[in-house]
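Enquirer: kindly generate the corresponding structure for this input.
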Amino acid sequence: MAHTPGPWFAFNADYQRLHDHALLPIFVVGPEEFHTVAQVRAGSEDDDLPAQTKDNARLIAAAPDLLAALKSARDVVQEHATELLRSFCIIKDDKPDRDSMDDDERAGVTELESVLAEVDAAIAKAEPTS
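Expert: The predicted structure is shown next:
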């Protein structure tokens, strides 16, 4: 894992000004560490942080937890989908046997494969390439 392990936190009260822009830091807080992993930059128009900047900081701070949850959900969905297909005897060589499915079953499997592909793409986007 190349990214800094979570949890990460965004503290709205700790923003600072740099070159007329507000910077909201994202921190890692752990037993042996406390450091900034990212900063969200806001415009210079107001002294207060815009709501969108705070929302962006919260989303970034949640990234390690979201990635871990997405990986877990992907594994569970894949496992249960495979078991369900196997129980209906519509799996062949560990792959869905589309020839033995009706139109609704084929549509459901296609939708599931599409969603899992999106999940895999999102996970790949967040993880380092080797």
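Enquirer: so the closest residue to residue 53 other than its chain neighbours bridges to which residues?
Expert: Nearest residue to residue 53, sequence neighbours excluded (C-beta to C-beta, 6 or more residues apart in numbering): residue 42, at 4.0 Å. Glycine gets a C-beta too; all of them are placed from N, C-alpha and C. Beta bridges link residue 42 to residue 22, judged by DSSP bridges.
Enquirer: and what of residue 9?
Expert: residue 27.
Enquirer: residue 34 now?
Expert: For residue 34, the beta-bridge partners are residue 29 (DSSP bridges).
Enquirer: what about it, neighbour count?
Expert: 10 (other C-beta atoms under 10 Å).
Enquirer: residue 116 is in what secondary structure piece?
Expert: For residue 116, the host element (DSSP states H and E) is helix 103-126.
Enquirer: next, residue 83: phi, psi?
Expert: phi -60, psi -40 (degrees, to the nearest 10).
Enquirer: any idea which helix or strand in this structure has the lowest mean pLDDT?
Expert: Counting by mean pLDDT, DSSP states H and E, the chain has its least confident helix or strand at strand 16-18, which shows a mean of 53.
Enquirer: for the residue nearest to residue 53, give its distance to residue 54.
Expert: 9 Å (C-beta to C-beta, to the nearest Å).
Enquirer: find the residues that touch each one of these two.
Expert: residue 24 (C-beta atoms under 8 Å, 6 or more residues apart in numbering).
Enquirer: more crowded one of those two?
Expert: residue 42 (21 against 17).
Enquirer: from residue 112, how far out is that one?
Expert: When residue 42 is compared with residue 112 (using C-beta to C-beta), they lie 40 Å apart.
Enquirer: same check on residue 39?
Expert: Counting by C-beta to C-beta, the gap from residue 39 to residue 112 is 39 Å.
Enquirer: cool, residue 103 as well?
Expert: 15 Å.
Enquirer: ditto for residue 119
Expert: 10 Å.
Enquirer: noted, bye for now.
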